[in-house]
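[1] got a predicted model here, sequence first, then my questions.
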Amino acid sequence: MPSDSSVATVASAIRAEAGRLRAGDRLPSTREFVRRLGVSPVTVSRALAVVVSEGVVITRPGEGSFVAPRRAASSGQPADFSWQTLALGERRTSAGGVLVSLNEPPPEEIPLASGYLNPSLLPVRALAAAMARAARRPDAWQRPPVTGIAGLRAWFARSTGGPVDAGDVIVTAGAQGALTAAFRALAPAGEALLVESPTYPGALAVAASAGIRIVPVPVDGDGIRPDAVARAFAATGARAVYCQPTFQNPTGAVLSAARRPQLLAAAAAAGAFIIEDDYGRYLGHERPAPPPLITDDADGRVVHLASLTKPASPSLRIGALIARGPVAERLRDIRVTDDFFVSRPLQETALELVSSPAWPRHLASLARSLATRRAALAAALAERLPQFTIPLLTRGGVSLWVRLPGHIDGDQLASVAARHGTVISPGRSFYPAEPPGSFIRLSFAAAARPEDLHEGVRRLALALAVPAA
């Protein structure tokens, strides 16, 4: 299979060739590019598709490829967009905290910020096989049910191990789509929503975009504190709390067995919902994750969010909302209004993947790899930056939450580290209010090799020695 880099190289050569010719001139044949560049015909075909999509080249079946007509030159005067300042009004949404982990770093940088797996950890062959099988299904391109195809809904229901069935499941476009729907359903604009502090920045961005008022609740090594949740419910009148009971992002905490009934009781006393973000279900290291909180829920108090994106692929945007009672109808209506339904071929691919013998093998291999990487990152920090502390050595997830000495600012360190070729996540973006200290989050899943984690920490140590600009 041609690599993206080889396709990009050939595309550059085709652009250069087109630039030397006039509009309408015929380009050399595929065979000629194969001979000149020493690549396969498939690579040339993919590169041609790229430049055709850019409008540089046009193809004519049976005739060949030709230089496309040139675009008219711009006047050179920049457009005046100042009118939009008044039309847009106050800004409510900022994706800054999310983009740190989504932006693709340059090849020479070591990514210690991304929450996604390195491509070497993805089940690429299993995904390709699953997609091929899904494409052969006779109904693969038919419109799916708005709540998702039956087999995938049933699989999500079984995977919780709780008192739910396929009818309680709504398939979503990843966990972020599920999160957006849940927040809008349970916390109308202007109302309060309790969230863990620190918490996932994407949740804070969704709340800000929806005009929801965030109320932070502290997290410690045993997860969110039920006593603080109860006080926050009483003080604010909130009707929902958002939490990640399993491998909490960013701290890695797991809600303790003793706190599970306490959290459910606090929500029941307030007549409130619990939005359980179970993103880390398949990211356990030495042993499987504990059962989700919804397995202890007898009266539809928990709205459960699940996702296949983290363990399978960033591009497998498949998640689920699991809810019982009237709230399920409200969630369904929001999802249908937003985007009708999730692509059927993608759903069929996901179902083929999780139903295959390759899926449990992948999860077992992933657990071993993540444990090795976590140990490598922790060892590198202990060796080169012993003044940094790890409050909790997580048993799952993809990152470590690191406390910095009081005189070190996480934002400044991130800025200097980037100049040294290491990308990290400053802790401030994980807090809905002022942080109680200085933290950074370091991912051990996105780097190409465990050895790169040692190199990333070495660069971080160098950055620490340089005063911030």
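    Thanks, I have it. As the structure is a computational prediction, the values presented were derived from the model and not from experiment.
[2] surely Ser197 touches Ala433?
    Yes - counting by CB atoms under 8 Å, Ser197 does reach Ala433; the two are 6.8 Å apart. All C-beta atoms are positioned from the backbone trio N, CA, C, and that covers glycine.
[3] which neighbours do these two share?
    Pro216 (CB atoms under 8 Å, 6 or more residues apart in numbering).
[4] neighbour count: those two, which is higher?
    Neighbour tally, Ser197 and Ala433, criterion other CB atoms under 10 Å: the higher count belongs to Ser197, 21 against 9.
[5] shaky segments in the stretch 1-150 of the chain?
    The model of the stretch 1-150 of the chain has pLDDT under 70 over residues 1-5, 72-76, 90-107.
[6] and Pro69, what helix or strand is that in?
    Under DSSP states H and E, no helix or strand contains Pro69.
[7] contact partners for it?
    Counted by CB under 8 Å, 6+ apart, Pro69 has contacts 23-24.
[8] burial of Ser209, as a residue count?
    Ser209: 16 surrounding residues under other CB under 10 Å.
[9] give me the pLDDT for it.
    Here, the pLDDT recorded for Ser209 equals 85.
[10] phi, psi of it?
    Main-chain dihedrals, Ser209, degrees, to the nearest 10: phi -60, psi -30.
[11] please apply the same query to Leu353.
    According to degrees, to the nearest 10, Leu353 has phi -60, psi -50.
[12] how about it, nearest residue that isn't a chain neighbour?
    Distances taken as CB to CB, 6 or more residues apart in numbering place Ala130 nearest to Leu353, at 4.1 Å, with adjacent residues excluded.
[13] does the one you found sit in a helix, a strand or a coil?
    Assigned with DSSP: H, G, I helix; E, B strand; the rest coil, Ala130 falls in the helix class.
[14] distance between stretch 146-162 and the chain's centre?
    Centroid displacement of stretch 146-162 relative to its chain, using CA atoms, centre = their mean, to the nearest Å, is 21 Å.
[15] contact partners of that stretch?
    With contacts defined as CB under 8 Å, 6+ apart, stretch 146-162 is touched by 164-171, 281, 291-292, 294-297, 304, 306, 318, 320, 322, 332, 335-336, 340-342, 344, 347-348, 350-351, 354-355.
[16] quick one: the helices in the stretch 301-450 of the chain?
    Taking DSSP state H, counting those that start in this stretch to define them, one finds helices in the stretch 301-450 of the chain at 309-312, 326-339, 344-354, 358-384, 410-419, 450-464.
[17] Thr372 contacts Pro450, correct?
    Yes - with contacts counted by CB under 8 Å, Thr372 reaches Pro450, the gap being 5.8 Å.
[18] ok, back up a step: would you write a PyMOL line that selects the buried entries of the contacts of stretch 146-162?
    To isolate the buried ones among the contacts of stretch 146-162 in PyMOL, judged by 16 or more other CB atoms under 10 Å, type:
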select buried, resi 164+166+168+169+170+171+281+292+294+297+304+306+318+320+322+332+335+341+342+344+347+348+350+351+354
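[19] sorry, back to before: comparing Thr372 and Pro450, which residue is more hemmed in?
    Pro450 (17 against 14).
[20] report pLDDT for the residue lying closest to the more buried one once chain neighbours are set aside.
    Distances taken as CB to CB, 6+ apart put Ala376 closest to Pro450, at 4.2 Å, once the chain neighbours are dropped. Note for Ala376: predicted pLDDT of 95.
[21] is it true that Ala376 touches Gly456?
    No - using CB under 8 Å, Ala376 is not in contact with Gly456; the gap is 10.2 Å.
[22] more neighbours, these two?
    Between Ala376 and Gly456, counting by other CB under 10 Å, Gly456 is the more crowded of the two (27 against 19).
[23] picking that back up, would you reformat the helices of the stretch 301-450 of the chain as a markdown table and include distance to Ser425?
    Output for the helices of the stretch 301-450 of the chain, formatted as a markdown table (distance: least, CB to CB, whole Å):
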| stretch | distance to Ser425 |
| --- | --- |
| helix 309-312 | 16 |
| helix 326-339 | 28 |
| helix 344-354 | 28 |
| helix 358-384 | 14 |
| helix 410-419 | 7 |
| helix 450-464 | 12 |
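[24] tell me which of these approaches Ala49 most closely.
    For Ala49, the closest of the helices of the stretch 301-450 of the chain is helix 344-354, at 19.5 Å, according to CB to CB.
[25] can you list the domains in this protein?
    Domain ranges of the chain: 4-67, 96-122+360-464, 124-354, per automatic domain parsing.
[26] picking up where we left off before, gap between the residue nearest to Leu353 and Leu193?
    Distance, Ala130 to Leu193, by CB to CB, to the nearest Å: 36 Å.
[27] quick revisit: make JSON lines from the domains of the chain and add distance to Trp83 to it.
    Below are the domains of the chain laid out as JSON lines (distance: least, CB to CB, whole Å):
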{"stretch": "domain 4-67", "distance to Trp83": "29"}
{"stretch": "domain 96-122+360-464", "distance to Trp83": "25"}
{"stretch": "domain 124-354", "distance to Trp83": "23"}
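[28] so for Leu88, which of those domains sits nearest?
    domain 124-354 (13.6 Å).
[29] restricting to C-alpha, output stretch 192-202 in PDB.
    What follows is stretch 192-202 as a C-alpha-only set of coordinates in PDB (Å, rounded to 0.1, in the frame of the first residue of the first chain):
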ATOM      1  CA  ALA A 192     -25.900  24.900  35.900                       C
ATOM      2  CA  LEU A 193     -24.000  21.600  35.200                       C
ATOM      3  CA  LEU A 194     -21.700  20.000  37.700                       C
ATOM      4  CA  VAL A 195     -18.400  18.800  36.200                       C
ATOM      5  CA  GLU A 196     -15.200  17.200  37.600                       C
ATOM      6  CA  SER A 197     -12.300  19.500  38.200                       C
ATOM      7  CA  PRO A 198     -10.000  19.000  36.400                       C
ATOM      8  CA  THR A 199     -11.900  17.500  33.500                       C
ATOM      9  CA  TYR A 200     -11.800  16.800  29.800                       C
ATOM     10  CA  PRO A 201     -11.400  20.200  27.900                       C
ATOM     11  CA  GLY A 202     -13.800  19.000  25.200                       C
END
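[30] in the stretch 151-300 of the chain, which spans are helices?
    Counting by DSSP H, counting those that start in this stretch, one finds helices in the stretch 151-300 of the chain at the ranges 174-186, 201-209, 226-236, 259-270.
[31] I'd like those helices as a markdown table, with distance to Val50 appended.
    A markdown table is the format used below for the helices of the stretch 151-300 of the chain (distance: least, CB to CB, whole Å):
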| stretch | distance to Val50 |
| --- | --- |
| helix 174-186 | 26 |
| helix 201-209 | 31 |
| helix 226-236 | 51 |
| helix 259-270 | 51 |
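[32] highest mean neighbour count out of these?
    helix 174-186 (a mean of 24; mean count of other CB atoms under 10 Å).
[33] great, nothing more from me.
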